[in-house]
Structures are given as C-alpha cells and as structure tokens.
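Here is a sequence with its predicted model. Questions after.
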Amino acid sequence: MPWLLTAVLLASFGYIAGRSRTTPPPPLTIIRRSDSPLTSPEDPGPIKPGAVEAQPSTASNEEEVYLCGAQTKKGTPCSRRVHGPLRCWQHKGARAMVAQEKLRIKDDLTQ
C-alpha cells in the first residue's frame, strides 16, 4: 500500500509541475483584408454597396438557375442549385427524376 501511495503522489507532483511550466497559448487574432466585406464588432466601418448586395442581372438567359433533380439515397430529388441544366458535384452523370422544365428556378427579378 505505501508503494501505491508513493506512486500516486509522484505522478500527481509530476503532473502539477509539468502544467505549471507550460506557457498559455497566445490569444486568437483574426486578421481580415482591407477590402473584406465583413467588419469586426470593434470596427464597424462602411461596407461597399456592391460587395454584399446582389446586382440584378441584365441578361436572364446567361445565368439560368436549376435544381439538380437527381435521385438521392432517400429517394427524393436533389435540391442543390446548379447553373444550367446540369447535375451537382455529387450526382454528376446521373439522370434527373423530373422533367428539366420543372427544375428551372424562376427569377423574381426577370418577371
């Protein structure tokens, strides 16, 4: 029993001595670029108007947005948005479950 108590005391002493000698990690510093649209709470600077807001497209046929529509493992159509009548990265090469006309997302800006 005295050997066990001595071993536990030595291990505890070693743990405490090791923890007291380590230096704490430096504080986390987040550095943003000067043209970043995000602002920090300490520096609520002006945000460029075109940096965050979406600009309406002048040509509606250039950027048509569709849903992927391929069959998922669950058996439902994939709801990821894609540019053009394509499939998403996960369902590349798969067929759509519904007609392509039903997968097109109508733009509120062009109506």
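Everything's here; your move.

Tell me how many other residues crowd the residue lying closest to residue 95 once chain neighbours are set aside.
Among residues not flanking residue 95 along the chain, residue 70 sits closest, at 6.8 Å (Cβ to Cβ, 6 or more residues apart in numbering). (Glycine included, C-beta is placed from N, CA and C.) As a burial measure, residue 70 scores 18 neighbours (other Cβ atoms under 10 Å).

got it, and residue 68?
23.

Tell me if I'm right that it and residue 83 touch.
No - the pair residue 68 / residue 83 is not scored as a contact, 11.1 Å apart, by Cβ atoms under 8 Å.

pull the helix or strand with minimum mean pLDDT from the chain.
helix 49-52 (a mean of 48; mean pLDDT, DSSP states H and E).

The helix or strand following that helix packs against which elements?
Following helix 49-52 in sequence order, the next helix or strand is strand 65-67 (DSSP states H and E). Here strand 65-67 touches strand 81-83, helix 100-103, going by 3 or more Cβ pairs under 8 Å, 6 or more residues apart in numbering; DSSP states H and E.

So what's the gap between the first one and the chain middle?
In terms of Cα atoms, centre = their mean, to the nearest Å, the centre of strand 81-83 is found 17 Å from the chain centre.

same check, this time on stretch 88-98
22 Å.

So for it, what gets flagged as buried?
Residues 88, 91, 96, 97 are the ones in stretch 88-98 that count as buried (16 or more other Cβ atoms under 10 Å).

Quick one: neighbours of the nearest residue to residue 64 once chain neighbours are set aside, just the number.
The spatially closest residue to residue 64, leaving aside those adjacent along the chain, is residue 84, at 6.1 Å (Cβ to Cβ, 6+ apart). Residue 84 has 8 neighbouring residues, counting by other Cβ under 10 Å.
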